[in-house]
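Asker: Fold the following, please.
(2 chains)
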Amino acid sequence: MKRQHPEISLHVLVKTLGCAIKKSYFLRKHRCLTMESQKQVLERLRGAFRSGVTRPVQFRLTQLQAMMSLFEDNETQILEAMHKDLAKPKFEAVLSEIELVVNDICCTISNLQTWMQDSYVGTNLATKLDDCFVRREPLGVVLIIGAWNYPLQLVVSPLIGAIAAGNCAILKPSEISQATEKLIAELIPKYLSQECYAVICGGAEETKTLLENRFDHIFYTGSQSVARCILQAAAVHLTPVTLELGGKCPCLIYGRLDMKAAAKRLVWAKFFNAGQSCVAPDYVLCTAETREMLLPFIKEALESFYGSEPEQSPDMGRIVTDRHWNRLVELLKKSEGKVVIGGESVKETKYIAPTVVVDVKESDALMQEEIFGPILPILTIKSLNEGIDFMNEREKPLALYAFSDESQVVATVLERTSSGGFCSNDGIAHMTLPGLPFGGVGASGMGNYHGRWSFETFSHKRGCMLRGWGLERVNVLRYPPYTESNLSWLRWATTAKKKGWASCSVM
Amino acid sequence: MEKQVVDGLREVFQSGRSRSLQYRKQQLRALHRLITEHQADIEQSLKQDLNRNLYNTSLFELIGIESDIKLAENDMADWAAPRHVKKNLNSALDDVYIKPEPLGVVLVIGTWNYPWAMILQPLVGAIAAGNAAVVKPSELSEHSARLMKELLPLYLDKEMYQVVTGGIPETQELLKQRFDHIFYTGSSTVGKLVMEAAARHLTPVTLELGGKSPCYIDKNCDIAVACRRITWGKFANCGQTCIAPDYILCEPSIQDRIVQEIQKTVQEFYQEDPKSSPDYCRIINTRHFDRVLALMNDCTIALGGENDRSQCYIAPTVLKDVLPHFKIMQEEIFGPLLPIVTVNGLSEAINLINTREKPLALYLFSSDKTVIKRMLTETTSGGVTVNDVLMHYTVDTLPFGGVGNSGMGRYHGRHTFDQLSHHRSCLIKSFAMESLNDARYPPLTAARLSKAKFFMQHHLCSCNGVCVWAIIATILAIGLLVGLIVVLIQKTPV
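Answerer: Residues are numbered from 1 along each chain as shown, chains lettered A, B, ... in the order given. From the prediction side, this is the model:
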């Protein structure tokens, strides 16, 4: 549910020229920080981190509870902001921006004490009397850069993990979803400790400057091109990163299946947030027969969701900006496929109808970039193998979907492809489960989060060994002068293994 | 040439050859045979590279590699199996798990101080995880590199695992290619360059770097035993170990005692003249020899200091009254010089450690639990051993890796497998229970919304860990059991 489109700097240039005065007023009013004081913010947070204030579990729980209150007290304002930015239907905003996040906070609060405990590991013969455990420690000051399509969730969800793991954090919400950016800048300092958490607003230039600083982890949600710059900036300081990127998520529909249910689930996943989700099924692969059977059910599902005129439905979202709307309309124009459903668009309201395009070829404009809009191309394949090969020739996607009632089909697709996540017979659903790590692979990203995984992402796992003073006689085996017999004993000790015992490699 | 190598490997990887666990185990067994059949050759190569004693080689490299291979073979099925996770009500009937998958083509760049272990231990994990791999041994340990290039293709599948040798130009050429993961062991300076190269292809990296690993000796401890252990860890491999205790921190009152004990131990380990001891190594080359020697400038030598450039020999050396601004305290020593920096107690030691980059390892010798607790809580490092040195490296259930400047990512044992796999989240649903899904579909109604919220919120177990369903199931089972017993009793003939 994320993405920032390329060419941010062009957008910012236009905005900066047009809105300089408005922006500085906005900055002063809403406690957003200008470029010049970024360093000061960072120093303040670093000082707070060094003081150890974020370490006790009580502090972390208090901050998480404050986050909970933020959502409880401000639901109306949140929904308003979502509506201003994306005409986000209340239903979608509640489920994807409020409920999902509140669930995560709840899960974290309930489990934090357990997660924070040292986890003891198995030892071997030589270390039986020692304490060996993994301790999770905070990293320091982390940077979280959000995206505009789920502007609150994509910044707050990682923040929950950062807080839980005991870090300080700087949030950089997307400047494209302005109303939400403003709200975040206002609410975070109101609810969370201002010593430990700050919001920095701005566009590409401000972000670039921010990235010159040293962080202990950078969490970025957005596009591949920007991700490369972020990774390069991180390399200068050897900062680890989590990148939640995008790509074209394929949806293979094959074999025997419940067409009606498949169509409903596909339509829901595709047109949620007007197709502006990083895990939305980007395109469909199916045989011509399947397509013919599916289309009427897709029409039926669309009608049951949005009525006969989706433009009038309060449950249909809008495209985020004119620029993004233009891009999508252009794509549709350039496409050589046949529009069988929808195709209408209204510039003033940034509306694009739920659109289905068939007879799309590999070389089509719709297949050259992530669509990120309510346009669903359907490509025809003749066999399962052809579909799998097609997907494998492309970059590893963030999500891959297979719809089939035949478990063998699902198993084959799962076995022979790779993707960040996989879901059979549904779309998006896998990312709503906090037990599953959510992240990409290859071009779709690195690292993961959600639930416990967020906590782990923002922690350092320190391997600790506490030895006693005894057994110095055993240590003699490892000391010089080296002898054959000592070596044999050590070898024996390390090769005497049963299954389930940890092995010992002695240095 | 490098591009061809990588493209070739990728094609073979994509054919799916390494997916079967059988294949991977076969490769690991072959690797094991390589080590056992050519142990003498490996020992010889290390003697030529580092003047490493053959026992030293087994102890420090071969045992570790063999252990890792055996562990991977035994546990691979467990590691590669789907890992089921908690569900919520929405997914109660679904299959929800994490599936470890190979990444693709992995690049392993080794280093010269433990040339075999630093390549083969990551390689074992790469093979176990089902990847193809390019291995680039360090050109500084040239005999080992040459031997590796010769032997690996004789044992492993050449089409899946290749050795590329060479120096900086070859490495740079390799780094221009696209890999699915880069595993680098070496210095922080080069680590940054590796990460920058990886950034172009959005390639994830594991960086096992270094730094100055501090060693604090509390005055309340068995100083004799502490010094023995420190001497062993510091001067093994002539100090050229990424987790060797780099410098000592202690109170002034025990500094002389420490020097004495180390002196005694050096004598015991390497006799009168470490230069002629078969158990004492050499510095890798004259460039490093010069670098290490220069660090001694302005320092007071309490022990050792002798050196011989023609042999790249530097005696086990202890430097006392070293101050934090001395040159020797500005970079990782990576040699047999042990500076002692005096501090007035634990707090000062902690402050000194925290003003520096996060180290790869941290050591502490103390019998006082509060000292240990404070040091662990108020500092951070890749790993820690208390009351010994190096040993946390040997427990393969502990993840081994750095933090901050000392690296990112971790490995050893199962952790290598996990590091070189992609953990794919899988949700396997059926088309059944479509009516449940109605709650999430538009048009919005208050009823639909609350139903959707309900199903999203509840885990099968309640938030405080009490598994409601398990309790219900247990009660039912007990009830059934009681019923069965009653029936059986009634049926028993009198």
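
Asker: Enumerate the residues of the stretch 151-300 of chain B near chain A.
Answerer: Residues of the stretch 151-300 of chain B lying close to chain A by C-beta under 8 Å from any C-beta of the partner chain are B:180, B:188, B:191-193, B:195-196, B:198-200, B:202, B:204, B:207, B:209, B:221-222, B:225, B:228-229, B:232, B:236, B:241, B:268-271, B:277-280. Glycine gets a C-beta too; all of them are placed from N, C-alpha and C.

Asker: Let's see that with 7 Å instead.
Answerer: B:180, B:188, B:191-192, B:195-196, B:199-200, B:202, B:204, B:207, B:222, B:225, B:229, B:232, B:269-270, B:279 (C-beta under 7 Å from any C-beta of the partner chain).

Asker: How about the stretch 1-150 of chain B?
Answerer: Going by C-beta under 7 Å from any C-beta, the residues of the stretch 1-150 of chain B near chain A are B:14, B:53, B:55-56, B:58-60, B:63-64, B:67-68, B:70-71, B:74, B:85-88, B:91, B:96, B:98, B:101.

Asker: Mind checking which of those residues are buried?
Answerer: B:53, B:55-56, B:58-60, B:63-64, B:67-68, B:70-71, B:74, B:85-88, B:91, B:96, B:98, B:101 (16 or more other C-beta atoms under 10 Å in any protein chain shown).

Asker: Out of the residues of the stretch 151-300 of chain B next to chain A, name the ones that lie in helices.
Answerer: Using DSSP state H, B:188, B:191, B:192, B:195, B:196, B:199, B:200, B:225, B:229, B:232, B:269, B:270 are the members of these that sit in helices.

Asker: Most neighbours of all the residues you listed, which one?
Answerer: Greatest neighbour count in these, by other C-beta atoms under 10 Å in any protein chain shown, goes to residue B:229: 28 neighbours.

Asker: My guess is that one contacts residue B:388. True?
Answerer: Yes: at 5.0 Å, residue B:229 counts as touching residue B:388 under the criterion of C-beta atoms under 7 Å.

Asker: hmm, back to that, ok, the ones in helices among the residues of the stretch 151-300 of chain B next to chain A vs residue B:136, which is closest?
Answerer: residue B:191 (14.5 Å; C-beta to C-beta).

Asker: remind me which residues of the stretch 151-300 of chain B are low pLDDT?
Answerer: Across the stretch 151-300 of chain B, nothing is flagged by pLDDT under 70.

Asker: Strands along that one, start to end?
Answerer: With DSSP state E, counting those that start in this stretch as the criterion, the stretch 151-300 of chain B has strands at B:161-163, B:181-185, B:205-208, B:214-217, B:247-250, B:300-303.

Asker: now, of the ones you listed, which is deepest in the fold?
Answerer: Neighbour counts (mean count of other C-beta atoms under 10 Å in any protein chain shown) averaged over each of those peak at strand B:181-185, with a mean of 27.

Asker: Off-centre distance for that strand?
Answerer: 12 Å (C-alpha atoms, centre = their mean, to the nearest Å).

Asker: hang on, isn't residue A:219 packed against residue A:158?
Answerer: Yes: using C-beta under 7 Å, residue A:219 is in contact with residue A:158, at 4.7 Å.

Asker: overlap in contacts of those two?
Answerer: The contact sets of residue A:219 and residue A:158 overlap at residue A:144 (C-beta atoms under 7 Å, 6 or more residues apart in numbering or on different chains).

Asker: Which residues are in contact with the spatially most central residue of chain B?
Answerer: Closest residue to the average C-alpha location of chain B: residue B:400 at 3.0 Å, with C-alpha atoms, centre = their mean. By C-beta under 7 Å, 6+ apart, residue B:400 lies in contact with A:463, B:383, B:393, B:410, B:411, B:412.

Asker: same check, this time on residue B:284
Answerer: B:50, B:112, B:140, B:240.

Asker: Let's see which of those residues end up in helices.
Answerer: Per DSSP H, those map to helices at residue B:50.

Asker: any idea which of the contacts of residue B:284 has the most stuff around it?
Answerer: Busiest of the contacts of residue B:284 [other C-beta under 10 Å] is residue B:50, holding 27 neighbours.

Asker: measure it to chain A for me?
Answerer: Per C-beta to the nearest C-beta, to the nearest Å, residue B:50 is found 15 Å from chain A.

Asker: nearest residue to that residue other than its sequence neighbours?
Answerer: residue B:281 (5.0 Å; C-beta to C-beta, 6 or more residues apart in numbering or on different chains).

Asker: just residue A:42 next, same as before
Answerer: Closest to residue A:42 by C-beta to C-beta, 6+ apart is residue A:213, at 5.4 Å.

Asker: Model confidence at that neighbour, what's the number?
Answerer: At residue A:213, the model reports a pLDDT of 96.

Asker: Could you verify that it is part of a helix?
Answerer: No: assigned with DSSP: H, G, I helix; E, B strand; the rest coil, residue A:213 falls outside any helix and is coil.

Asker: how much space between it and residue A:431?
Answerer: 31 Å (C-beta to C-beta, to the nearest Å).

Asker: for residue 450, what are its contacts?
Answerer: All of this is about chain A. A:104, A:434, A:436, A:437, A:438 are the contacts of residue A:450 under C-beta under 7 Å, 6+ apart.
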